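*Asks:* coords please:
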Amino acid sequence: MPVIAPGGVRIDLGPPGDAVRYVLSTVDPTLTTRLGNALTTVGTEVKALTSTAVLRASLGDGWSMYGACELMASVFAHNRIVLDDAYTSRISHDGATAVAAVLNRDGLVVSSARLARWSGYGIVDQVETIPRFRRHGLATVVMTMLSNWAVSNGVHTGLLSATEHGATLYRRLGWVAHGEIAGAVRSQPGHGCPFGQPLLPPA
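*Replies:* Numbers count the residues shown, from 1 in each chain. Coordinates of the predicted model:
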């Protein structure tokens with residue numbers, strides 16, 4: 001679960017390498033520079049709703065940038081699913097998370113996506129289609145499956161982080177961009193500087 005940290009939250013992702021991610025709701029240059037200096041462990045991530053250029057300049061040396069993504073949102077609606085006879089579909093859920101999948105005749109999952117419910121939102125993640133099965137509308141199918149499931153379960157607003165490639169599909173499905181999400185990973189060990197306050201509140 002996220003834990004409150006200066007400027008946002010910290011998420012302990014777990015193995016491998018006991019990865020840690022900081023997600024910043026705002027980017028204050030002074031705070032972010034101090035954070036960048038204080039986070040010295042290689043593999044530590046920082047993500048923020050800002051431009052890649054701003055985050056790069058704020059964090060300082062020793063950080064490598066991820067490709068920029070877009071924060072996108074949509075109002076879920078129920079739509080008809082159109083699927084070729086060569087495929088079957090299934091959706092599984094555990095109450096908080098739903099996974100939509102399309103399978104070929106051999107039972108191979110060729111396209112899938114998941115949705116996690118959080119505080120009234122449905123966060124869509126891991127939308128993937130095996131390369132040789134792309135451009136057959138399968139990603140649209142799994143996204144529609146998740147939208148239908150969300151509506152049936154009282155979830156009305158969807159959020160996702162889209163790569164440049166994925167954003168094209170999502171716009172076609174009615175998703176709207178609300179800003180750039182920049183991401184960085186500590187690629188070189190840092191020497192550390194006093195942060196002035198604890199990165200996490202006392203347990």
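*Asks:* wait, residue 6 sits on residue 35?
*Replies:* Yes. With contacts counted by C-beta atoms under 8 Å, residue 6 reaches residue 35, the gap being 6.8 Å. Where you see a C-beta, it was placed from the backbone N, CA and C, and this is true even at glycine.
*Asks:* neighbour count winner among the two?
*Replies:* residue 35 (24 against 21; other C-beta atoms under 10 Å).
*Asks:* isn't the more buried one right next to residue 8, touching?
*Replies:* No. Here residue 35 lies out of contact with residue 8, judged by C-beta under 8 Å, at a distance of 9.4 Å.
*Asks:* need the overlap of contacts for those two.
*Replies:* residue 22 (C-beta atoms under 8 Å, 6 or more residues apart in numbering).
*Asks:* for the spatially closest residue to residue 80 that is not a sequence neighbour, pull up the helix or strand it's in.
*Replies:* Among residues not flanking residue 80 along the chain, residue 144 sits closest, at 8.0 Å (C-beta to C-beta, 6 or more residues apart in numbering). Element membership for residue 144, per DSSP states H and E: helix 138-152.
*Asks:* next SSE after that helix?
*Replies:* strand 157-162.
*Asks:* strand partners of that next one, parallel vs antiparallel please.
*Replies:* Sheet pairing here is set by DSSP bridges, and for strand 157-162 it gives strand 69-75 (antiparallel), strand 121-129 (parallel).
*Asks:* list phi and psi for the residue of the chain most remote from its centre.
*Replies:* Relative to the C-alpha centroid of the chain, counting by C-alpha atoms, centre = their mean, residue 85 is the outermost residue, at 31.6 Å. Per-residue torsions, residue 85: phi -60, psi -20 (degrees, to the nearest 10).
*Asks:* wait, isn't residue 155 in contact with residue 116?
*Replies:* No. Between residue 155 and residue 116 there is no contact under C-beta under 8 Å: 10.0 Å.
*Asks:* residues touching the most centrally placed residue in the chain, list them.
*Replies:* Residue closest to the average C-alpha location in the chain (C-alpha atoms, centre = their mean): residue 161, at 4.6 Å. Contacts here follow C-beta under 8 Å, 6+ apart; on that basis residue 161 touches 69-72, 125, 181.
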